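A.B. asks: The amino acid sequence is not available; the structure is as follows:
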């Protein structure tokens with residue numbers, strides 16, 4: 001998590017910072033009073049010991065009674081003189097998180113994720129002197145370091161101007177050896193500058209993930225809906241359940257979710273929500289913080305549990321970070337503070353805030369009308385950028401990498417055009433994933449990247465993000481999914497599609 005003092009649901013009047021002597025005296029009185037209430041009398045021969053811990057806001061008092069009983073009182077005080085809540089981030093875990101398994105709780109507090117049970121033991125602050133054993137890792141980061149281990153030696157002590165070190169970027173790759181079905185990237189950015197300071201590692205990883213994308217390549221952009229193929233994906237309206245376009249956007253001047261602080265995350269929420277609440281027309285809507293979040297003053301405890309459950313059942317809201325990939329990256333810290341969702345009145349336009357990226361912008365609806373979906377998507381992206389600029393902010397973007405996001409897999413357009421499609425026959429083939437790859441597509445199970453299909457239902461989307469424009473990627477999606485549906489129909493008739501599969505290739509201009 002990340003967030004801001006300005007949007008706290010509690011308001012405190014700043015008071016002059018009391019002296020250490022005054023703090024000790026007051027805490028000593030409090031400790032003695034607490035001891036007396038418990039039937040304890042502090043012995044003059046065993047005076048109470050009160051400590052103001054240096055460089056923190058936590059003060060501890062220990063009182064020992066005549067019978068030897070020791071009572072310790074710990075009081076944490078903010079710089080404004082308010083007692084902090086040990087049952088909420090950043091000083092504790094939220095009530096909702098405390099209901100989750102311990103291995104998830106460990107990644108939702110203030111500390112970096114360390115969980116030996118899940119193999120998460122790489123430090124996030126400083127890299128060890130020696131490169132860990134990555135001989136069995138299956139991710140792009142590990143491949144690059146195996147080919148040239150000296151990269152690690154040259155980069156391990158470097159930091160960006162915002163304080164992000166290599167350890168923060170590579171922790172998730174070291175902690176997670178690889179995905180059983182899909183090769184992971186193994187690397188995240190902690191801020192925009194990570195892509196340049198650690199360029200020697202990021203560039204080959206980006207090249208490997210994006211089909212040889214060169215270090216000096218230029219990324220094209222085209223958000224004009226007129227350039228989409230005039231093809232109906234599912235003419236019979238039989239196979240596609242829902243279709244969507246989504247992308248990510250990052251706000252320049254802030255660290256990315258793996259590295260941003262509690263206060264930064266809150267400021268991001270404030271800035272983004274202020275912009276979103278200015279949207280008009282079909283994009284006008286409301287912002288709902290996650291249930292239990294205390295960061296947004298108009299809804300000081302977030303949305304209701306029923307609202308949250310309804311949004312999740314509809315597939316419109318992200319889950320808590322139940323993946324070690326996300327937890328090791330640092331994206332679960334301070335959960336659920338300053339995270340939420342904006343949606344329009346028709347509930348076909350959504351913006352996720354402070355999940356894996358600063359923003360995830362989603363346009364979706366039932367059926368296969370990708371043209372209407374992309375039109376809404378393009379309008380939303382440009383409008384959100386305009387209102388942010390009016391607030392003095394802008395998206396992270398450059399000519400080489402396009403839109404900058406947390407994971408290198410989403411660089412460039414950050415665009416994922418996808419549909420939930422029912423394809424029981426063609427997906428029953430052992431080479432189904434290879435078929436999708438030949439068409440420039442990626443198939444996921446019904447619950448995400450590492451899930452299985454249920455009843456032949458698959459989430460199918462474009463595989464690429466970088467090096468091709470937005471309309472190019474959507475056209476790959478339109479052509480690819482419509483081809484899969486045609487093959488499903490042939491299989492229903494008992495026809496053979498082997499020759500068609502052998503000749504398959506992605507759409508190109």
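C.D. replies: Nice, I can see it. Quantities reported herein were computed from a predicted structural model and do not represent experimental measurements.
A.B. asks: Can you classify residue 318 by secondary structure?
C.D. replies: When classified by DSSP: H, G, I helix; E, B strand; the rest coil, residue 318 comes out as coil.
A.B. asks: Pretty sure residue 258 sits against residue 165.
C.D. replies: No: counting by C-beta atoms under 8 Å, residue 258 stays clear of residue 165, with 11.5 Å between them. Where you see a C-beta, it was placed from the backbone N, CA and C, and this is true even at glycine.
A.B. asks: contacting residues around stretch 382-401?
C.D. replies: Residues outside stretch 382-401 that contact it (C-beta atoms under 8 Å, 6 or more residues apart in numbering): 192, 195, 206, 215-219, 223, 249-253, 271-272, 274-276, 278-279, 283, 351, 359, 361, 403-405, 411-412, 466.
A.B. asks: ok, 7 Å please
C.D. replies: By C-beta atoms under 7 Å, 6 or more residues apart in numbering, the surrounding residues in contact with stretch 382-401 are 192, 195, 217-219, 249-253, 271, 274-276, 278-279, 283, 361, 403-404, 411-412.
A.B. asks: Distance check, residue 148 against residue 126.
C.D. replies: 21 Å (C-beta to C-beta, to the nearest Å).
A.B. asks: And the contacts of stretch 142-152?
C.D. replies: With C-beta under 7 Å, 6+ apart, stretch 142-152 has contacts from 131, 134, 173, 186, 200-201, 204-205, 208.
A.B. asks: circling back: write the PyMOL selection for whichever of the contacts of stretch 382-401 are buried.
C.D. replies: The following PyMOL line selects those of the contacts of stretch 382-401 that are buried, judged by 16 or more other C-beta atoms under 10 Å:
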select buried, resi 192+195+217+219+249+250+251+253+271+275+276+279+283+361+403+404+411+412
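A.B. asks: Can you tell me the SS state at residue 168?
C.D. replies: helix.
A.B. asks: which secondary element of the chain has the worst mean pLDDT?
C.D. replies: strand 49-52 (a mean of 35; mean pLDDT, DSSP states H and E).
A.B. asks: In which helix or strand does the nearest residue to residue 317 once chain neighbours are set aside reside?
C.D. replies: Closest residue in space to residue 317, ignoring its immediate chain neighbours: residue 311 at 3.8 Å, by C-beta to C-beta, 6 or more residues apart in numbering. Using DSSP states H and E, residue 311 falls within helix 305-313.
A.B. asks: Same check on residue 286?
C.D. replies: Of the helices and strands defined by DSSP H and E, residue 286 is found in strand 285-289.
A.B. asks: Give the buried residues for that strand.
C.D. replies: For strand 285-289, by 16+ other C-beta under 10 Å, it's 285, 287-289.
A.B. asks: Run the angle between that strand and helix 305-313 for me.
C.D. replies: 110 degrees (axes from the mean of the first three to the mean of the last three C-alpha atoms, to 10 degrees).
A.B. asks: Tell me which residues are up against strand 285-289.
C.D. replies: By C-beta under 7 Å, 6+ apart, the list of residues contacting strand 285-289 from outside reads 273, 276-277, 279, 295-296, 299, 302-303, 307, 340-345.
A.B. asks: what about burial for the residues you listed, which qualify?
C.D. replies: Buried among the contacts of strand 285-289 (16+ other C-beta under 10 Å): 273, 276, 279, 295-296, 299, 302-303, 340-344.
A.B. asks: In strands only, show me those residues.
C.D. replies: Members of the buried ones among the contacts of strand 285-289 lying in strands (criterion: DSSP state E): 340-344.
A.B. asks: circling back: residue 258 and residue 165: which has the busier surroundings?
C.D. replies: residue 258 (27 against 23; other C-beta atoms under 10 Å).
A.B. asks: For that one, list the residues it contacts.
C.D. replies: 168, 188, 190, 329-331, 406.
A.B. asks: Under a three-state scheme, what state does it occupy?
C.D. replies: Assignment for residue 258 (three-state DSSP): coil.
A.B. asks: Neighbours of the closest residue to it other than its chain neighbours, how many?
C.D. replies: Closest residue in space to residue 258, ignoring its immediate chain neighbours: residue 330 at 4.0 Å, by C-beta to C-beta, 6+ apart. By other C-beta under 10 Å, the residues close to residue 330 number 24.
A.B. asks: Over to residue 133?
C.D. replies: When neighbours are counted by other C-beta under 10 Å, residue 133 registers 8.
A.B. asks: Look up how far residue 270 lies from it.
C.D. replies: Distance from residue 133 to residue 270, by C-beta to C-beta: 43 Å.
A.B. asks: any low-confidence regions in this structure?
C.D. replies: 1-83, 179-181, 446-454 (pLDDT under 70).
A.B. asks: Please enumerate the strands of it.
C.D. replies: Assigned by DSSP E, the chain shows strands spanning 49-52, 58-64, 70-76, 240-249, 285-289, 340-344, 349-353, 359-366, 397-398, 402-403, 416-422, 441-444, 457-462.
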